[in-house]
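Engineer: Provided below are the primary sequence and the corresponding predicted coordinates.
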Amino acid sequence: MQDRAETDRAARAGEAGRPATPPAVRVQGLWKRFGQQTAVAGIDLELPAGKFIGLVGPNGAGKTTTLSMVTGLLRPDQGTVEVAGHDVWRDPVEVKSRIGVLPEGLRLFERLSGRELLAYTGRLRGLPGAEVDKRATQLLDVLDLAGAQHKLVVDYSTGMRKKIGLAAALLHNPEVLFLDEPFEGVDPVSAQTIREVLERYTRSGATVVFSSHVMELVESLCDWVAVMAAGSIRAQGTLDQVRGEASSLQNAFLELVGAGSRTGGDSLDWLGGKR
Ligand SMILES: Nc1ncnc2c1ncn2[C@@H]1O[C@H](COP(=O)(O)OP(=O)(O)OP(=O)(O)O)[C@@H](O)[C@H]1O
């Protein structure tokens, strides 16, 4: 007779007998309140590994709060979060070694140059100096920052800051990369570069989770989507599952967040009228 542990192991094993990969993120019963405001209202979320995942929702939906709790930056009031099979709040060191994060309102060491920032990040991550140098050179090159590598980060533009932040988040080759609005403030050329880097990264089996308001972008990039509104998950699944019968993700999104019937400003009858 199989013992319990054996049965559990068998249940976790894939059809080929290999251990099944745990989801990139598993969230259960997650809550966060700020005073009277409930930012995240008991969500469950399971994000598969190896996918390009979009977390979408209107302003104030709770995306940043969720990503902050998932990445160990903000302690939940209630609930559990696992990343790559490890509990974020019980096993933070293990989790942090496996993830890269580009947070909202990115704070960087402003008085370092881009290259110094990468060198410092690499050493903090415990990488050997020569390896950091090699990876930094390649990342600066691919992200078109080689010409600005000796400039102080404080003098970087918004898009350059996003790119150096992304380079720092990728330097240790994380299993799961979390990006809060990675394309905001980024010009189309840089956006294309970031996109190519991320597509290449997910093709290697890694997971990208990013939040965005731009549905066209999510539709063209992601194979998996979670829709959030008012602190709850309204839908999660493959792009096709979430889009359902709707003609586009944008239309599905408007229905899911209950904005489908909004009038688009009928009450502003004075705007554009007689002056
Ligand atoms: N530190 C805080 N203190 C008080 N309220 C907060 C705090 N952080 C978030 N909130 C509130 O929680 C709710 C969710 O905010 P959050 O920033 O997570 O939304 P979001 O989906 O990321 O929005 P956006 O798309 O506008 O960035 C909002 O109502 C916000 O005002």
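Structural biologist: That came in fine, so what should we check first?
Engineer: C-alpha from now on. contacts and neighbour counts both.
Structural biologist: Will do.
Engineer: so which bits of the protein are right by the ligand?
Structural biologist: 34, 39, 57-65 (CA under 6 Å from any ligand atom).
Engineer: one more time with 8 Å
Structural biologist: Within the chain, the positions lying close to the ligand (CA under 8 Å from any ligand atom) are 33-35, 37-40, 56-66, 104, 211-213, 228-231.
Engineer: out of those residues, which are buried?
Structural biologist: 39-40, 56-58, 61-66, 211-213, 228-231 (16 or more other CA atoms under 10 Å).
Engineer: which ones among those lie within helices?
Structural biologist: Of the positions in these, 63-66 sit in helices, assigned by DSSP state H.
Engineer: rounded mean pLDDT for the helix or strand that contains S68, please.
Structural biologist: In this structure, S68 is located in helix 63-70 according to DSSP states H and E. The average pLDDT for helix 63-70 rounds to 95.
Engineer: and the contacts of it?
Structural biologist: 25, 27, 32, 39-40, 55-57, 74-76, 81-83, 88, 103-104, 178, 180, 211, 228 (CA atoms under 8 Å, 6 or more residues apart in numbering).
Engineer: ranges for the strands of this structure?
Structural biologist: 25-34, 37-47, 52-56, 78-83, 86-87, 99-102, 176-180, 207-212, 224-229, 232-238 (DSSP state E).
Engineer: quick one: which of those is nearest Y156?
Structural biologist: Nearest to Y156 among these is strand 99-102; the distance by CA to CA comes to 16.2 Å.
Engineer: buried set for that closest one?
Structural biologist: Buried residues in strand 99-102 (16+ other CA under 10 Å): 99-102.
Engineer: same question, stretch 176-193
Structural biologist: 176-183, 186, 190-191, 193.
Engineer: start and end of that stretch, how far apart?
Structural biologist: By CA to CA, to the nearest Å, the extent of stretch 176-193 from end to end equals 19 Å.
Engineer: off-centre distance for it?
Structural biologist: 11 Å (CA atoms, centre = their mean, to the nearest Å).
Engineer: equivalent analysis for stretch 53-70, please.
Structural biologist: So, by CA atoms, centre = their mean, the centroid of stretch 53-70 is 9 Å from its chain's centroid.
Engineer: could you find the closest non-adjacent residue to T121?
Structural biologist: A168 (6.4 Å; CA to CA, 6 or more residues apart in numbering).
Engineer: quick one: that neighbour and the ligand, what's the gap?
Structural biologist: Relative to the ligand, A168 is positioned 22 Å away (CA to the nearest ligand atom, to the nearest Å).
Engineer: you'd agree that residue is up against L118?
Structural biologist: Yes. The criterion here is CA atoms under 8 Å, and A168 meets it with L118 at 5.7 Å.
Engineer: so how far is stretch 110-129 off the chain centroid?
Structural biologist: 22 Å.
Engineer: avg pLDDT for that stretch?
Structural biologist: The model assigns stretch 110-129 a mean pLDDT of 95.
Engineer: buried set for that stretch?
Structural biologist: For stretch 110-129, a neighbour-count test (16+ other CA under 10 Å) marks 112-122 as buried.
Engineer: residues making contact with that stretch?
Structural biologist: 97, 109, 132-133, 136, 140, 148-154, 164, 167-168, 171-172.
Engineer: now which of the residues you listed would you call buried?
Structural biologist: Counted by 16+ other CA under 10 Å, the contacts of stretch 110-129 give 132-133, 136, 140, 148-149, 151-153, 164, 167-168, 171-172 as buried.
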